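In: I would like the atomic coordinates for the input below:
(4 chains)
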There are 4 protein chains.
Amino acid sequence: MAERIKAGVLGATGAVGQRFIEALTDHPWFEITSLAASERSAGKTYENAANWRLDSQLPDEVKGKDVVPVDPSKVDADVVFSALPSSSAKTVEPEFAEAGFAVASNASSYRMEDDVPLVVPEVNPDHLGMIEQQQDNRNWDGYIITNPNCSTIIMIVSLKPLLQFGLNNVNVATMQAVSGAGFDGVSSMSIIDNILPYIKTEEEKMENETLKLLGEFNGSEILNPDIHVSSSCHRVPVLDGHTEAIWAGMDDNPTPEDVRQAFLDFDPGLEDLPSKPENSLVVWDEPDRPQPRLDKNIGNGMAVNVGRIREGIRYIALGHNTIRGAAGASVLNAELLHKKGKL
Amino acid sequence: MAERIKAGVLGATGAVGQRFIEALTDHPWFEITSLAASERSAGKTYENAANWRLDSQLPDEVKGKDVVPVDPSKVDADVVFSALPSSSAKTVEPEFAEAGFAVASNASSYRMEDDVPLVVPEVNPDHLGMIEQQQDNRNWDGYIITNPNCSTIIMIVSLKPLLQFGLNNVNVATMQAVSGAGFDGVSSMSIIDNILPYIKTEEEKMENETLKLLGEFNGSEILNPDIHVSSSCHRVPVLDGHTEAIWAGMDDNPTPEDVRQAFLDFDPGLEDLPSKPENSLVVWDEPDRPQPRLDKNIGNGMAVNVGRIREGIRYIALGHNTIRGAAGASVLNAELLHKKGKL
Amino acid sequence: MAERIKAGVLGATGAVGQRFIEALTDHPWFEITSLAASERSAGKTYENAANWRLDSQLPDEVKGKDVVPVDPSKVDADVVFSALPSSSAKTVEPEFAEAGFAVASNASSYRMEDDVPLVVPEVNPDHLGMIEQQQDNRNWDGYIITNPNCSTIIMIVSLKPLLQFGLNNVNVATMQAVSGAGFDGVSSMSIIDNILPYIKTEEEKMENETLKLLGEFNGSEILNPDIHVSSSCHRVPVLDGHTEAIWAGMDDNPTPEDVRQAFLDFDPGLEDLPSKPENSLVVWDEPDRPQPRLDKNIGNGMAVNVGRIREGIRYIALGHNTIRGAAGASVLNAELLHKKGKL
Amino acid sequence: MAERIKAGVLGATGAVGQRFIEALTDHPWFEITSLAASERSAGKTYENAANWRLDSQLPDEVKGKDVVPVDPSKVDADVVFSALPSSSAKTVEPEFAEAGFAVASNASSYRMEDDVPLVVPEVNPDHLGMIEQQQDNRNWDGYIITNPNCSTIIMIVSLKPLLQFGLNNVNVATMQAVSGAGFDGVSSMSIIDNILPYIKTEEEKMENETLKLLGEFNGSEILNPDIHVSSSCHRVPVLDGHTEAIWAGMDDNPTPEDVRQAFLDFDPGLEDLPSKPENSLVVWDEPDRPQPRLDKNIGNGMAVNVGRIREGIRYIALGHNTIRGAAGASVLNAELLHKKGKL
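Out: Numbers count the residues shown, from 1 in each chain, chains lettered A, B, ... in the order given. Okay, here's the model as predicted:
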């Protein structure tokens, strides 16, 4: 690849923004050309604006880069990755799309819009077909595509191979890491030696996004599948890695071994995307795996781990919430866009 | 009450044993007369034998008491509370029952035996009727009664008022505290910043014990109810207090408000038992409660907290696993025995 | 005591404010008459304004009380306890003192002022003599008295009995609980599985406040003692309870046993103060005590625990940072004021 | 390097044993030829014998290797790395040395023996001169060399450049990670939300080993330096990485800037050793660094981080306790042996 695609990060200083920088550093297709953040940060070097809190080192090529405002006229990029909070994403992302940028967004603001693709490459790559419709509707040169909420992504990759058995019902209880709320989202006083049995709007997102993702795109709209999803979301004292206990009801009543084999056989065929892990689903047979601290980073944090497949069908799914469930998901989407000639 | 009932604790030095001592100290009906523990501890004073690890202070009247071996001939008591590991409970508890002791056991060894009552006073007090049968069958002067596993107890108290709606299906995902495994049961290396998605035999216990508890005792045997229970058990970095996400399927499809009212109205009628909390079920309307660190001790740790009652029906149940779910449950059983004239 | 003293709490919704409410509920001398907090809270009932986060239950008599603004004209009280952040304490506390209130402050703003008593009743009760001077200097009807920073208090109570040996040097390394920074002061992302080796201005406070506390008040000013104090402060993943490793250099080179005996013999003679614990210093001989989770609440959280007294002299001091180190310290000061007829 | 040196690991399944495997996998000079462990493990494949608990993946070339007993006749190696508990190291390591193996031991059993080198390459490489003496004394074909306790290593690397200022006194308070006690060494019940103010024999080790390490080896014996070391050791809820608050008294009274420069200038000259990090000391100027979770892995876990250099002189030192403080230290010692032609 002679020339690399210019990539900007919106909301570059936060928890997901830092993961975007990690994912894009040394990326074979993209190079970081703009780092945008709020007024408070703009004008400083990234090193001074951001409090780098990952255990990887802040990349040298990013340290001295100037942070620019979140303004299309200040950002130099072909594609922008949005780690903005949903409130500001709501107004800012359309400005970028109108100005001709491809916006790969991790924000929730536009996920459920009728003409905005909500995509996980392993699950519904054909939903990208919606982009032209979006550009027509909105008179945009650019466009917005979105990835789901972290909890949804980790579940949906594991549900995809179960569609063949006539998936009809999903109950899911999540045990979610604190990083999902951002660096300052969960105070230590509220979570040490504790569980928070509630994450605002998370259950609705898991239920609604799952239906859209599994819906059939007929060229003009998405037909929701006949699947019932019921979610219960909980915060646990874990830094990174969401663990989910899933019950999947299926018409064909597959055995646990059938399901295990379907997980092992799952091949979404995206080998040419750089961020695609060797196995999208990693199957564990040990009774006490997967575990977030030990297994979240498998496949550079892009794999979804599954295990404890039992009668029911019940199983555990686990993935890195700010990589597979956020920054890495947006980057994988952008890689798919590029492969399809849309960047 | 002129004279108090003599109570022994078997396995007095462990995590549940210490909770028994806490529960029996200053008890209006019982007084601790014997503390029994393994060979290693026997012969020492309790203070020297046990490493007291509760944040309450070791009671003065227990400090200097000599620890005796777990041997019926060495124990002076009317009732013995068993916090023994199931392996030794298996052989020791029958020796005590044969020797004429009432054994109120927290161990799992005899819970599922046909002639051994598995009882939670709020749920199935009539199962105590099995005692005479047990004594006949086994030629024992004493008897064994048991309480369920901690996770089962916390769930079952909340399920009881749902029976009126035609309960037919239960899915439950637990987030269990480390104290459930005993003081040294879960190493810090395995649980800090982590989730263990597996607790050995726990899911089977929750499923089997629930059916026995909700079964109808017809005077000679228990007829299992037609309810399907499916459990997924997980260990979290919490010291005390099990949190459970429960889906309850019911024939009558009650609304969340119906269920809330049923929880509020739940009155098992055990006011005269000293360990009975004011409310067996404490209903939370705040969206982010109950939480284990804040709410486990309500009702002296004997209440079951319920909250987040949603369509589905989904809700959260939470209780103190080594009090409501273990030592306190056995003591409440013994109080019921006494009230029924069986001590 | 026929009539109780009217007490207000300034900053009543925060971490220390809630501890003030806990300490003043059922207090034999004081009754809570006013709860004051920021604009955001004023006008609401306390239950609605505050997110009660202690594991004790929110007292019923406080639930429905209206929160008033932090304004002397809105507060009905004889004494106000200040849990204000130092920035607002700086301007607000003088307004209350001028308006005639006795202000017992936990804020740092006025601790080091020449005419403001910085007092720990067990250590330097005579410094209260400064109050008249303060009222003269400032033309106030009321006055401000302060207690030290939490880390200083826990250390200073243990240093007091060492003065007899010619204390000349103190090195102290703290391991401080997250509650010291307020409910939202330390994010979980920054402290789970981590240590923060820095707490802003904490070391300076420990060093300066210790000298003032141990200084001699000659009726008009405080003469600093000839003691060198060097502090290193660290935040650890503990909810409540500061642990301090202290090296105390003394002219007389006492043995560890001499020091232990001095700790045991320490009697500040404040028996008639309701919040005074039975023992101001609790001495532990077990090699692995005191520990914050197990021992912070001894003496209702008002004792300072000491242990591991070794050659050096080295030892461990431990106390509850938001009770002994904050709210309880202010209440004890007010009790001393009352006893001395100054309320 | 045409042929690689054959390396065995004794105690290969434990916490430090797993770190040895990590350090030796893909090592340019060594190849793992034997994995030895207790009777319980011997005969199984490593994958079956060990519960791999690092977040790196178990290396493929190790998975299927048979575990052998800890017996010189069963081990095929030129050098053996010992992660044995000190009790078994005491008897087993001499058997290996007598049988001609070079034993690079992390165990404490022989560290303080007069003829056994206790070496940190950055600090006292010349102490290896003791080996011949040891072989003569004991009639061994092989020999034992040791590295210090984890807490000592992290401190000593930072003390080395301070010798030039006339180091005479060291006070050190440690905040030690749970991995230092092995996988099951610290139960979660004892450390979540807690501090243990005691680690058995740790303080003695830090004091005695430091003197030996800084002693002058005159060809026949070690002359202890005139430095006073006083240590206070504490366990904190951190997985990996020991943090140490150090006070260093020096004759020349250097300024914090002098000390900072000495740390920056420190060059032990070991560039040709593969495990030597680029900087043995990494100096942090940010006020809140180093932090164990973020900084322990710098230099592949082999650097010692220093920061917060203040008047006193006080500073923070931090390193990875099972890499820099254990397995990596032994491997670095073996690399030094090889470079000196002693393997």
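In: Flag every residue of the stretch 1-150 of chain A that's near chain C.
Out: Proximity of the stretch 1-150 of chain A to chain C, by C-beta under 8 Å from any C-beta of the partner chain, involves residues A:A15, A:R53. For every residue, glycine as well, the C-beta is placed using N, CA and C.
In: ranges for the helices of the stretch 1-150 of chain A?
Out: Using DSSP state H, counting those that start in this stretch, the helices assigned to the stretch 1-150 of chain A run over residues A:15-24, A:46-49, A:60-63, A:86-98, A:130-138, A:150-159.
In: Next: the stretch 201-343 of chain A.
Out: Secondary structure of the stretch 201-343 of chain A by DSSP H, counting those that start in this stretch: the helices cover A:202-213, A:256-265, A:292-295, A:328-339.
In: okay if I get those as a markdown table plus mean pLDDT?
Out: A markdown table is the format used below for the helices of the stretch 201-343 of chain A (pLDDT from 0 to 100):
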| stretch | mean pLDDT |
| --- | --- |
| helix A:202-213 | 98 |
| helix A:256-265 | 98 |
| helix A:292-295 | 97 |
| helix A:328-339 | 98 |
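In: Which one, of the ones you listed, ends up nearest to D:P237?
Out: In terms of C-beta to C-beta, the element of the helices of the stretch 201-343 of chain A nearest to D:P237 is helix A:292-295, at 13.7 Å.
In: Dump the helices of the stretch 1-150 of chain A into a markdown table; add distance to B:K340 as well.
Out: Output for the helices of the stretch 1-150 of chain A, formatted as a markdown table (distance: least, C-beta to C-beta, whole Å):
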| stretch | distance to B:K340 |
| --- | --- |
| helix A:15-24 | 58 |
| helix A:46-49 | 71 |
| helix A:60-63 | 73 |
| helix A:86-98 | 59 |
| helix A:130-138 | 69 |
| helix A:150-159 | 49 |
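In: hmm, back to that, select, out of the helices of the stretch 201-343 of chain A, the one closest to chain B.
Out: helix A:292-295 (4.1 Å; C-beta to the nearest C-beta).
In: A:Y315 contacts A:S158, doesn't it?
Out: Yes: the pair formed by A:Y315 and A:S158 meets the contact definition of C-beta atoms under 8 Å, at 7.3 Å.
In: still on that earlier bit, packed most tightly, which of the helices of the stretch 201-343 of chain A would that be?
Out: The highest mean neighbour count among the helices of the stretch 201-343 of chain A belongs to helix A:328-339 (a mean of 25), with neighbours defined as mean count of other C-beta atoms under 10 Å in any protein chain shown.
In: That one - contacts with which helices or strands?
Out: Here helix A:328-339 touches helix A:15-24, strand A:79-82, strand A:102-105, going by 3 or more C-beta pairs under 8 Å, 6 or more residues apart in numbering or on different chains; DSSP states H and E.
In: Tell me how many other residues crowd the nearest residue to A:P268 once chain neighbours are set aside.
Out: Leaving out its chain neighbours, the residue that sits closest to A:P268 by C-beta to C-beta, 6 or more residues apart in numbering or on different chains is A:E122, at 3.8 Å. Around A:E122 there are 23 other residues, counting by other C-beta atoms under 10 Å in any protein chain shown.
In: So A:E122 versus A:H320, what's the distance?
Out: With distances defined as C-beta to C-beta, to the nearest Å, the gap from A:E122 to A:H320 amounts to 15 Å.
In: for chain B, what are the nearby residues on the stretch 201-343 of chain A?
Out: Where proximity means C-beta under 8 Å from any C-beta, the interface of the stretch 201-343 of chain A facing chain B comprises A:203, A:230, A:232, A:234, A:236-239, A:243, A:245, A:247, A:287-294, A:307-308, A:310-312, A:314, A:316, A:318.
In: re earlier: hey, what's in contact with both of A:Y315 and A:S158?
Out: Residues within reach of A:Y315 and of A:S158 at once, by C-beta atoms under 8 Å, 6 or more residues apart in numbering or on different chains, are A:I246, A:V306.
In: Show me which residues of the stretch 201-343 of chain A sit near chain D.
Out: The stretch 201-343 of chain A comes close to chain D at residues A:R293, A:L294, A:D295, A:N297, A:I298, as judged by C-beta under 8 Å from any C-beta.
In: what sits against the closest residue to the first one other than its chain neighbours?
Out: Read that as A:R293. If the residues on either side of it in the chain are set aside, A:R293 comes closest to B:N194, at 4.1 Å by C-beta to C-beta, 6+ apart. B:N194 makes contact with A:V238, A:Q291, A:P292, A:R293, A:L294, B:P237, according to C-beta under 8 Å, 6+ apart.
In: So which of those is the closest to chain D?
Out: Nearest to chain D among these: A:L294, at 5.2 Å, using C-beta to the nearest C-beta.
In: pretty sure that closest one contacts D:Q57?
Out: No: under the criterion of C-beta under 8 Å, A:L294 lies out of contact with D:Q57, with a separation of 9.5 Å.
In: residue boundaries of the strands in the stretch 201-343 of chain A?
Out: Counting by DSSP state E, counting those that start in this stretch, the stretch 201-343 of chain A forms strands over residues A:216-217, A:222-223, A:228-235, A:242-250, A:281-284, A:304-310, A:314-319, given from the N-terminal end onward.
In: and of these, who's closest to B:E47?
Out: In terms of C-beta to C-beta, the element of those nearest to B:E47 is strand A:228-235, at 39.7 Å.
In: is any part of the closest one close to chain C?
Out: No: counting by C-beta under 8 Å from any C-beta, no contacts exist between strand A:228-235 and chain C, the nearest distance being 9.2 Å.
In: elements contacting that strand?
Out: Secondary-structure packing of strand A:228-235 (3+ C-beta pairs under 8 Å, 6+ apart): strand A:167-176, helix A:202-213, strand B:242-250, strand B:314-319.
In: Any idea which of these gets closest to chain C?
Out: For those, distance to chain C was read as C-beta to the nearest C-beta. The smallest value, 12.1 Å, belongs to strand A:167-176.
In: Given the closest one, what are its sheet partners and their directions?
Out: Strand partners for strand A:167-176, identified by DSSP bridges, are recorded as strand A:228-235 (parallel), strand A:242-250 (antiparallel).
In: Those into a markdown table, with extra columns for mean pLDDT?
Out: Written out in a markdown table, the entries for the strands paired with strand A:167-176 read as follows (pLDDT from 0 to 100):
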| stretch | mean pLDDT |
| --- | --- |
| strand A:228-235 | 98 |
| strand A:242-250 | 98 |
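In: Tabulate those strands in TSV, adding columns for mean neighbour count.
Out: Compiled in TSV, the strands paired with strand A:167-176 are given as follows (neighbours: other C-beta atoms under 10 Å in any protein chain shown):
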stretch	mean neighbour count
strand A:228-235	23
strand A:242-250	24
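In: want to throw the ones you listed into TSV with distance to D:M112?
Out: Putting the strands paired with strand A:167-176 into TSV (distance: least, C-beta to C-beta, whole Å) gives the following:
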stretch	distance to D:M112
strand A:228-235	49
strand A:242-250	46
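In: picking that back up, between all of the contacts of B:N194, which two are separated the most?
Out: Pairwise distances across the contacts of B:N194 (C-beta to C-beta) peak at 14.3 Å, for the pair A:L294 and B:P237.
In: quick one, what contacts the one residue in the stretch 51-200 of chain A that gets nearest to chain B?
Out: At 3.5 Å from chain B, A:A173 is the closest residue in the stretch 51-200 of chain A, using C-beta to the nearest C-beta. For A:A173, the residues meeting the contact criterion (C-beta under 8 Å, 6+ apart) are A:S231, A:S232, A:C233, A:H234, A:E244, A:A245, B:A173, B:S232, B:A245.
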